[in-house]
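Asks: Below are the sequence and a predicted model for it; my questions follow.
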Amino acid sequence: MDRLQAMQLFVQIADSGSFTRAAEALGLSRPAASNAIRALEDRLGTRLLSRTTRQVQLTADGQAYRERCQRLLADMAEAEALFRPQGSQLRGRLRIDVPSRVAAGLMAPALPDFLEHHPELSLELGSSDRAIDLFQDGVDAVIRVGASSDERLISRPLGQFRVGSYASPAYLARHGRPERLEALSGHWLVDYAPPQAPASEQLGLAAWEHLAANGSRQRLMLRSRLRVNSVETYLAAGLAGLGLIQVPAYDVAGALARGELVELMQAWPAPPLPVALLYPQRRHLSRRLQAFAAWCETLFRPHLLPI
């Protein structure tokens, strides 16, 4: 068995967790699969799989090797696809990481249509509020909301999300509705600090950002009695009446329609949030990634500010 076949077998075993299922999928006997993996481990000088009578698990080296194999096999499939007709089906695996609220609120509901159009494509969709390392985590691309300064990545801008300022009716009943910037000094903000962000200079204060009449970004430091590091918790705190929040408008459309939140201070809009697809410089924009980017542009368009 050549190295490419051995890599394909190893990935199949890692994905299925079974030598038997992987061997059947590739038309091999169980002993042939075992011998091929043993030979692969001998050649690499490390153990890739931990075998018991009931399960097969990846070792730490096996996990790292699996990610490398997946990328190499995907690149090879992409190279072969260059010589197929453009109308042929996309094949292979695409690993994407997306902010949790974007994944749950926008992408997941629309994914059935995307996957129906690309039945030979497999998608691994990670979702979190942390900025992952594409190189360490073996991810093809990420959707990031907000500025990014990683020079190792190519950024494909998708647009800007409109951001609004909101409070719950219960909060407004207790504290009144601010109509002017000067009135904000008497209100509470919920402070959001992403997990990777440095701690704020001073506890008890949170940043309120808005656009001035000339389009410049202005920042006020206002009172806060709650700091959170999760977008889910930040939104939940706003709904619970713990203070004013600033979030992308798409994320609270349902809450606004149900009367659970009220939009405030529309004459002083919050700065928009850029959204972009980022991928490593060393990689070309594969057909899989091109299709995903085009789908994202269509999906996000109703929620973006006009250009």
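Replies: Okay, I see it. Residues are numbered from 1 along each chain as shown.
Asks: How about residue 14, nearest residue that isn't a chain neighbour?
Replies: In this structure, residue 14 finds its nearest non-sequential neighbour in residue 66, 4.8 Å apart by CB to CB, 6 or more residues apart in numbering. Yep, even glycine has a C-beta here, placed from its N, CA and C like the rest.
Asks: would you list every one of the helices in this protein?
Replies: For the chain, applying DSSP state H gives helices covering 3-16, 19-25, 30-44, 60-81, 100-102, 108-117, 134-137, 169-175, 231-239, 253-257, 287-300.
Asks: Residue 41 and residue 238, how far apart?
Replies: Going from residue 41 to residue 238 by CB to CB, to the nearest Å gives 53 Å.
Asks: try residue 7
Replies: Counting by CB to CB, the gap from residue 7 to residue 238 is 48 Å.
Asks: So between the two, which is more surrounded?
Replies: Neighbours were counted for residue 7 and for residue 238 using other CB atoms under 10 Å; residue 238 has more, 25 against 20.
Asks: what residues are up against residue 5?
Replies: 26, 36 (CB atoms under 8 Å, 6 or more residues apart in numbering).
Asks: my bad, should have said residue 103
Replies: 125, 127.
Asks: can you pull the pLDDT of it?
Replies: For residue 103, the model assigns a pLDDT of 92.
Asks: mind listing the strands for the stretch 151-300 of the chain?
Replies: Ranges of strands within the stretch 151-300 of the chain are 153-161, 163-167, 189-192, 205-211, 217-228, 245-248, 262-264, 273-280, based on DSSP state E, counting those that start in this stretch.
Asks: export those to a markdown table and tack on mean neighbour count and distance to residue 16?
Replies: Listed next are the strands of the stretch 151-300 of the chain as a markdown table, based on neighbours: other CB atoms under 10 Å; distance: least, CB to CB, whole Å:
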| stretch | mean neighbour count | distance to residue 16 |
| --- | --- | --- |
| strand 153-161 | 18 | 32 |
| strand 163-167 | 23 | 44 |
| strand 189-192 | 24 | 40 |
| strand 205-211 | 18 | 48 |
| strand 217-228 | 15 | 39 |
| strand 245-248 | 24 | 39 |
| strand 262-264 | 16 | 49 |
| strand 273-280 | 19 | 28 |
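Asks: how about those strands in TSV, adding mean pLDDT and distance to residue 299?
Replies: Formatted as TSV, the strands of the stretch 151-300 of the chain follow (pLDDT from 0 to 100; distance: least, CB to CB, whole Å):
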stretch	mean pLDDT	distance to residue 299
strand 153-161	88	9
strand 163-167	95	18
strand 189-192	93	24
strand 205-211	89	26
strand 217-228	91	27
strand 245-248	95	14
strand 262-264	96	23
strand 273-280	88	11
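Asks: With distance to residue 118 added, can I get the ones you listed in JSON lines?
Replies: Below are the strands of the stretch 151-300 of the chain laid out as JSON lines (distance: least, CB to CB, whole Å):
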{"stretch": "strand 153-161", "distance to residue 118": "19"}
{"stretch": "strand 163-167", "distance to residue 118": "32"}
{"stretch": "strand 189-192", "distance to residue 118": "35"}
{"stretch": "strand 205-211", "distance to residue 118": "39"}
{"stretch": "strand 217-228", "distance to residue 118": "37"}
{"stretch": "strand 245-248", "distance to residue 118": "27"}
{"stretch": "strand 262-264", "distance to residue 118": "37"}
{"stretch": "strand 273-280", "distance to residue 118": "17"}
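Asks: closest to residue 15 out of the ones you listed?
Replies: strand 273-280 (22.9 Å; CB to CB).
Asks: Partner strands of that closest one, with direction?
Replies: strand 141-145 (antiparallel), strand 153-161 (antiparallel) (DSSP bridges).
Asks: between that strand and strand 163-167, what angle do the directions make?
Replies: Put simply, strand 273-280 runs at 130 degrees to strand 163-167, going by axes from the mean of the first three to the mean of the last three CA atoms, to 10 degrees.
Asks: How about the backbone phi and psi for residue 193?
Replies: Dihedral pair for residue 193: phi -120, psi 110, per degrees, to the nearest 10.
Asks: That one is in contact with residue 226, isn't it?
Replies: No - using CB atoms under 8 Å, residue 193 is not in contact with residue 226, being 11.0 Å away.
Asks: where does the residue of the chain most remote from its centre sit relative to residue 40, distance-wise?
Replies: The centre of the chain is farthest from one residue, residue 31, which by CA atoms, centre = their mean lies 40.1 Å away. Distance of residue 31 to residue 40, computed by CB to CB: 15 Å.
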